[in-house]
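> Below: sequence and its predicted model.
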Amino acid sequence: MKNLLSLLCLAVLLHAAHGQHTHIGAGAASQTPGTPLQFSSGYTAGTTYALLMKPVGQPYGGYYSFDGITFIALSDGQAEDDGPFHAANGSELHMEIVSVTGPSGAHFGFWDENRAIFSSTPSVSFETGQPTGSNNTFILTEPLLPPYYDGDPYGHRHNRGWTADVPGNYVVGFRIFDANAIHTPSPTYSFNFQAVAIVSIWTLNGSGSWSTSLGTNWSAGVPFGNGSRATFGPAATAPATISVNGSALTVGSITFNNTNSYTVSGPNTITLADGTATPTLGVTLGSHTIAAPLVLAQNATVSTASGTTLTLTGGVTGGASSLGKTGAGILNLDGTQNYAALLASAGTTNVDGALGTGASSVSVTGAGTALKFGTVSQTLSSLTIGAGATATFTSGAASFAGGCKTQGFGGSAVVPEPGSLGLLLTGVLGLLSRRRGMSLLLRS
């Protein structure tokens with residue numbers, strides 16, 4: 001309950017920060033030609049603005065976004081946003097984005113004014129650490145329409161949505177310049193943005209769709225995007241199924257915490273990705289199933305607490321990524337497991353799906369850690385067994401890629417002899433022992 005309250009409080013605080021709206025006024029210290037431009041109001045160095053993931057189907061959907069900053073050009077007194085430090089009459093103020101730093105390979109940009117509600121991608125986007133190029137400016141001064149006939153530099157344009165595509169911290173350098181060259185450009189001002197993943201808890205007592213358009217099944221909107229965190233907690237009072245049927249999803253973590261079983265079903269895929277941490281599937285209470293296909297965009301971890309179980313029946317693909325197993329509980333791997341490495345360091349991992357296509361490296365380490373292969377034949381590139389850990393092959397066949405010498409056992413099981421290439425026994429003592437029936441135990 002304490003963890004649940006903490007998550008809810010965090011979600012409320014993030015949305016409160018997102019709801020703030022700041023006007024930052026561009027002007028000059030005086031109207032004398034040649035005076036540098038400046039932010040005359042609203043700018044506070046060191047302020048951090050939160051970019052929150054928005055659900056698909058809504059404006060900015062699928063991006064971290066914040067529309068709570070409006071850059072304005074101060075008026076000479078003819079409009080509401082005036083002040084003594086406005087630019088000279090006849091000035092045409094523009095803003096230039098001169099630098100963007102943040103997570104490697106990430107992008108920062110904006111939707112320009114009301115186009116945000118019509119476009120699925122930002123109007124302008126810049127890769128972090130790269131030159132911002134030529135399409136990096138936007139105008140502050142409004143067109144000179146009545147009642148502003150005499151060159152008032154005033155401008156007040158709402159609905160520009162700032163955005164990023166990866167969670168993390170961004171520093172963006174802005175500079176003001178005068179297209180009519182009455183004033184010289186301002187110094188570069190640094191703005192801090194933090195792209196914050198959605199932390200959301202399933203609130204529906206029963207089955208439903210993950211991607212409900214308005215996010216009404218979740219405490220803080222639909223968890224979607226790199227680093228977003230989904231928790232299936234105590235809401236369900238009976239077994240429930242959550243369907244990934246709106247669109248494919250990307251999340252940073254999924255946590256189950258309920259004695260009533262949740263099943264996350266397809267047909268669409270779930271990609272595990274996080275720009276700042278290791279993606280995690282976790283179980284703290286109960287036994288649960290993910291039947292949707294999983295894709296590893298990076299190395300990921302499954303953590304199951306003592307007495308809990310997570311079953312993955314939809315298969316897992318991950319290319320060069322690895323899947324780690326921690327925690328004293330059980331992980332069941334059904335369906336094809338196609339990724340570079342399976343790293344079990346605690347608890348029990350039952351493998352009832354084929355591991356890759358001959359390129360999978362398997363490691364089981366830690367005292368009491370158990371890795372159990374079922375009836376499906378396996379072809380591994382290597383197997384590492386640490387001190388106190390066990391790997392059991394039951395009735396299926398085990399072989400090693402690369403033409404390693406093997407020894408037959410029990411008719412259908414094929415295992416390498418000790419010392420064969422690809423078989424690594426890393427404990428103080430390695431034993432290859434035959435057991436009655438159709439199983440083989442490798443232990444150290």
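Here it is on my side, so go on.

> give the contact list for the residue of the chain positioned farthest from its centre.
Each residue of the chain has a distance to the centre, and by CA atoms, centre = their mean the biggest one is for residue 150: 50.1 Å. Shown in contact with residue 150 (CB atoms under 8 Å, 6 or more residues apart in numbering): 78, 89. Backbone N, C-alpha and C define where each C-beta goes, glycine included.

> now it, what's its secondary structure?
What DSSP: H, G, I helix; E, B strand; the rest coil gives for residue 150 is coil.

> Look at it and report its pLDDT.
Looking at residue 150, its pLDDT is 70.

> ok, now how distant is it from residue 80?
Residue 150 sits 17 Å away from residue 80, going by CB to CB, to the nearest Å.

> Measure how buried residue 171 is and give me the count.
Counted by other CB atoms under 10 Å, the residues lying close to residue 171 total 15.

> so it makes contact with residue 192?
Yes. Between residue 171 and residue 192 there is a contact at 5.8 Å, judged by CB atoms under 8 Å.

> which neighbours do those two share?
Common neighbours of residue 171 and residue 192, counting by CB under 8 Å, 6+ apart, are absent.

> tell me, how many neighbours does residue 184 end up with?
Residue 184 has 13 neighbours, counted by other CB under 10 Å.

> One more: residue 36?
Neighbourhood size, residue 36 [other CB under 10 Å]: 14.

> per-residue confidence for it?
On pLDDT, residue 36 comes in at 97.

> mind listing what it touches?
Residue 36 makes contact with 28, 29, 183, 184, 185, 186, 187 under the criterion CB under 8 Å, 6+ apart.

> Report the buried members of those.
The neighbour count (16 or more other CB atoms under 10 Å) marks 28, 183, 186 as buried among the contacts of residue 36.

> From residue 366, how far off is the second one?
Looking back up the chat, that one is residue 183. According to CB to CB, residue 183 and residue 366 sit 66 Å apart.

> and if you look at the last one?
Distance check for residue 186 against residue 366: by CB to CB, it reads 58 Å.

> Report the beta-bridge partner residues of residue 392.
Legend: beta-bridge partners of residue 392 under DSSP bridges are residue 372, residue 441.

> what about it, how many neighbours?
17.

> and if you look at residue 238?
Residue 238 sits with 9 neighbouring residues when counted by other CB under 10 Å.

> Could you look up the SS state of it?
Under three-state DSSP, the three-state class of residue 238 is coil.

> Run through the residues that contact the nearest residue to it once chain neighbours are set aside.
Here the nearest residue to residue 238 in space, its sequence neighbours aside, is residue 260; by CB to CB, 6 or more residues apart in numbering that works out to 5.7 Å. The contact partners of residue 260, by CB under 8 Å, 6+ apart, come to 236, 237, 238, 239, 240, 286.

> My assumption is that residue 260 lies in a strand; please confirm.
No. Read with three-state DSSP, residue 260 is coil and lies in no strand.

> so how many other residues sit close to residue 247?
If you count neighbours by other CB under 10 Å, residue 247 ends up with 14.

> and if you look at residue 45?
Counted with other CB under 10 Å, the neighbours of residue 45 add up to 9.

> Roughly how far does it sit from residue 258?
For residue 45, the distance to residue 258 - CB to CB - is 46 Å.

> Residue 23 too?
Residue 23 is 45 Å from residue 258, by CB to CB.

> of those two, who's got more company?
The neighbour comparison of residue 23 against residue 258 (other CB under 10 Å) goes to residue 258, with 22 against 14.

> which one is residue 45 nearest to, not counting chain neighbours?
Excluding its sequence neighbours, the residue lying closest to residue 45 (CB to CB, 6+ apart) is residue 190, at 7.2 Å.

> Can you name the residues that contact that neighbour?
So residue 190 contacts 45, 171, 172, 173, 174 (CB under 8 Å, 6+ apart).

> Could you give the average pLDDT over the helix or strand where it lies?
Under the criterion of DSSP states H and E, residue 190 resides in strand 189-196. Mean pLDDT, computed over strand 189-196, is 91.

> Which strands border whichever helix or strand comes after it, and is each parallel or antiparallel?
Next in sequence after strand 189-196, counting helices and strands by DSSP H and E, comes strand 199-201. Strand 199-201 has the following strand partners under DSSP bridges: strand 229-232 (parallel).

> could you point out which element follows the partner strand?
Remark: after strand 229-232, the chain's next helix or strand is strand 240-244, criterion DSSP H and E.

> Nearest residue to residue 316 in space, ignoring adjacent ones along the chain?
Nearest non-adjacent residue to residue 316, counting by CB to CB, 6+ apart: residue 294, 4.6 Å away.

> In contact with that neighbour: list those residues for me.
By CB under 8 Å, 6+ apart, the contact list for residue 294 reads 269, 270, 271, 272, 312, 314, 315, 316, 317.

> Show the pLDDT at it.
Per-residue confidence (pLDDT) for residue 294: 97.

> Okay, it and residue 272: tell me how far apart.
Distance from residue 294 to residue 272, by CB to CB: 7 Å.

> buried sites along stretch 273-289?
Residues of stretch 273-289 classed as buried: 273-275, 279-289 (neighbour count, 16+ other CB under 10 Å).

> Considering the residues you listed, which is situated nearest to residue 111?
residue 275 (20.8 Å; CB to CB).

> Quick check: the closest one touching residue 170?
No. Between residue 275 and residue 170 there is no contact under CB under 8 Å: 11.1 Å.

> Can you work out which residues contact both of those two?
Shared contacts of residue 275 and residue 170 (CB under 8 Å, 6+ apart): 103, 106, 195.

> I'd like those residues written out as JSON lines, with distance to residue 66 and neighbour count added.
Output for these, formatted as JSON lines (distance: CB to CB, whole Å; neighbours: other CB atoms under 10 Å):
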{"residue": "103", "distance to residue 66": "17", "neighbour count": "20"}
{"residue": "106", "distance to residue 66": "15", "neighbour count": "23"}
{"residue": "195", "distance to residue 66": "9", "neighbour count": "30"}
